[in-house]
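Enquirer: quick one, fold the following:
(2 chains)
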Number of protein chains: 2
Amino acid sequence: MKILFYYRDKDPAPWLMALQAEFPDAHIRVWTAGDNDPADYALVWGPPLAMLQHRSALKAVFNMGAGVDAILQFGDELPQGVPIVRLDDAGMGVQMAEYVTHAVLRYFRRLDEYESQARSGQWQPLIPHERKDFSVGILGLGVLGSQVALALARHDFPLYGWSRTLKDLPGVHCYAGQDSLDEFLRNTRVLVCLLPLTADTINVLNRDMLEKLPPSAYLINIARGAHLVDEDLVSLIQNGHIAGATLDVFRQEPLAPTHPFWQEPRITITPHISAATERAKSVRQIAEKIRRLERGELIAGLVDRTVGY
Amino acid sequence: MKILFYYRDKDPAPWLMALQAEFPDAHIRVWTAGDNDPADYALVWGPPLAMLQHRSALKAVFNMGAGVDAILQFGDELPQGVPIVRLDDAGMGVQMAEYVTHAVLRYFRRLDEYESQARSGQWQPLIPHERKDFSVGILGLGVLGSQVALALARHDFPLYGWSRTLKDLPGVHCYAGQDSLDEFLRNTRVLVCLLPLTADTINVLNRDMLEKLPPSAYLINIARGAHLVDEDLVSLIQNGHIAGATLDVFRQEPLAPTHPFWQEPRITITPHISAATERAKSVRQIAEKIRRLERGELIAGLVDRTVGY
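Expert: Purely as a prediction, here's the structure:
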């Protein structure tokens, strides 16, 4: 078996070792420009088009993350008929649930305001928010969104969810489809974006949409930077409609030093760390899927190119 | 029925209304200096000694909080034989669980460091902590400590607990008694203090004890300021043994503007807000206990003056 590997900006060595341990007899190589030699499988993160173009002999392309937008951006240039497979959770759900739980508790208990008070030496108890006014709405209820919802349900927040197709999650009032989006937004105080990035969802967090949230709403984006129209957020924070935002993803990463987000104290910036790909779990999951494919069995996580995830 | 009421620094009006709604026929009055008229029950928070001294005819004193140190400080001056009753949870457990969950997730996911980086415009992913290295040890496993433990168990942190008498909590490795304290501390990366303040626990968070925590430990104190020796914490933070502390309670509240805690960025200060007494739940709980006492039944939350809580 021949495996091609490409992980943008990361040392491939520990991945190759882990993969080789799963498949001692496989020939595993890092793709470099000009490599057109045959391969059975490709494992990729942020690959150049040249790696995948014309490779219609691949049995599958495995994405080493949940979001496949960096592959699907190549559209029809990708070999047709080759299955693209996303990572299913592989440890990311727990991390995202932690990240969102922290951010929601922080806003609910006004701990961001207390920290800013403390920095100026101020001792001032604030009127607590009421839980019934602190509904959380999750945009995108896939494997990761569902885990985030579950974690928040344990903290008893009123929960709403929206997805393209209707989901059924205990403790979550679920909406589906474009027609119900406005009602979902009206009910949501804290909006959590966990959508896949597709032609339908790019720029979805824009002024028109964010204005439908109730006043003093909050935004948490842990999906992709291109979901958000940056200047719309800044202006809605400045006019007070949005009380705070926690952003882990940005249109350009690292976020440019001159970007206005850095100057806005009500925007919390983290450097794309809400969920790291966990090597051991990811390699184990991909190896298991390769074994199933080799036995002619079905696998989970197949990307539907027509919907974009 | 005659009820005496005293709530230091708080408007008594909404409390009196809520109490009157529970006992429409009762005579309820706010205690003021010189009032020695008869009463059946007293509801107090931070009462002066003069209110309780010589009142051996009371059927019970209800404390409108969990910690009764502000009453028991009067020792033998209090009327012997009058039951003192603490609040059982009454909404405080959930709030403390939220507060501690937020602080532990913040340290575990290094979000305090990310915020400090962001304030200086730095984009720098950090090496994640490993969960197995992030054990949480809870000092004090009463009604509130148990709820905090349960919330942390849901986030899969390794959990240790210590109390005077041995408790049995699912998912928590429980220790009891002085002899096991050192082993508890050695196993604890994040120490959460939820002890009652008694003659045995005053100054318990001192250099000698905190030095037994592993290096780069964290402290969360939501019990009483007098548990902590302030200068010991400052010096252990300065020498790096303690990586961070989140403090909600202080020896003197409000914390004096000149107190060194304000100057230390690794100390997070909140103004005693980790758990507010919830009026509706508290009045309902106390009213139910009064009814039980009137019927000659047993009640929970009786304070044992010999142990101090």
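Enquirer: going forward, measure contacts and count neighbours with C-alpha atoms only.
Expert: Fine.
Enquirer: which residue ranges form the strands in chain A?
Expert: Using DSSP state E, the strands found in chain A span residues A:2-7, A:27-30, A:41-45, A:60-63, A:84-85, A:136-139, A:159-163, A:173-176, A:190-193, A:217-221, A:242-247, A:267-269.
Enquirer: quick one: which of those is nearest chain B?
Expert: strand A:267-269 (6.2 Å; C-alpha to the nearest C-alpha).
Enquirer: quick one on the thing from earlier: make CSV out of the strands of chain A and add mean pLDDT, mean neighbour count and distance to B:Pro14.
Expert: Below are those laid out as CSV (pLDDT from 0 to 100; neighbours: other C-alpha atoms under 10 Å in any protein chain shown; distance: least, C-alpha to C-alpha, whole Å):
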stretch, mean pLDDT, mean neighbour count, distance to B:Pro14
strand A:2-7, 98, 20, 62
strand A:27-30, 98, 16, 70
strand A:41-45, 98, 22, 60
strand A:60-63, 98, 24, 59
strand A:84-85, 97, 22, 60
strand A:136-139, 98, 26, 31
strand A:159-163, 98, 24, 31
strand A:173-176, 98, 19, 35
strand A:190-193, 98, 26, 31
strand A:217-221, 98, 24, 30
strand A:242-247, 98, 22, 30
strand A:267-269, 98, 23, 37
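Enquirer: of all those, which lies closest to A:Arg207?
Expert: strand A:242-247 (10.5 Å; C-alpha to C-alpha).
Enquirer: who in the stretch 151-300 of chain A is up against chain B?
Expert: A:155, A:254-255, A:257, A:262, A:268-273 (C-alpha under 8 Å from any C-alpha of the partner chain).
Enquirer: quick one: A:Trp31 and chain B, what's the gap?
Expert: 26 Å (C-alpha to the nearest C-alpha, to the nearest Å).
Enquirer: looking at the residues of the stretch 151-300 of chain A next to chain B, which one is closest to A:Trp162?
Expert: A:His155 (19.6 Å).
Enquirer: reformat the strands of chain A into JSON lines and put distance to B:Ala176 next to each item.
Expert: Shown next, in JSON lines, are the strands of chain A (distance: least, C-alpha to C-alpha, whole Å):
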{"stretch": "strand A:2-7", "distance to B:Ala176": "50"}
{"stretch": "strand A:27-30", "distance to B:Ala176": "54"}
{"stretch": "strand A:41-45", "distance to B:Ala176": "50"}
{"stretch": "strand A:60-63", "distance to B:Ala176": "50"}
{"stretch": "strand A:84-85", "distance to B:Ala176": "51"}
{"stretch": "strand A:136-139", "distance to B:Ala176": "40"}
{"stretch": "strand A:159-163", "distance to B:Ala176": "39"}
{"stretch": "strand A:173-176", "distance to B:Ala176": "44"}
{"stretch": "strand A:190-193", "distance to B:Ala176": "42"}
{"stretch": "strand A:217-221", "distance to B:Ala176": "42"}
{"stretch": "strand A:242-247", "distance to B:Ala176": "41"}
{"stretch": "strand A:267-269", "distance to B:Ala176": "41"}
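Enquirer: what about the residue in the stretch 101-250 of chain A that chain B sits nearest to, neighbour count?
Expert: Closest to chain B within the stretch 101-250 of chain A is A:His102: 5.2 Å, counting by C-alpha to the nearest C-alpha. Neighbourhood size, A:His102 [other C-alpha atoms under 10 Å in any protein chain shown]: 23.
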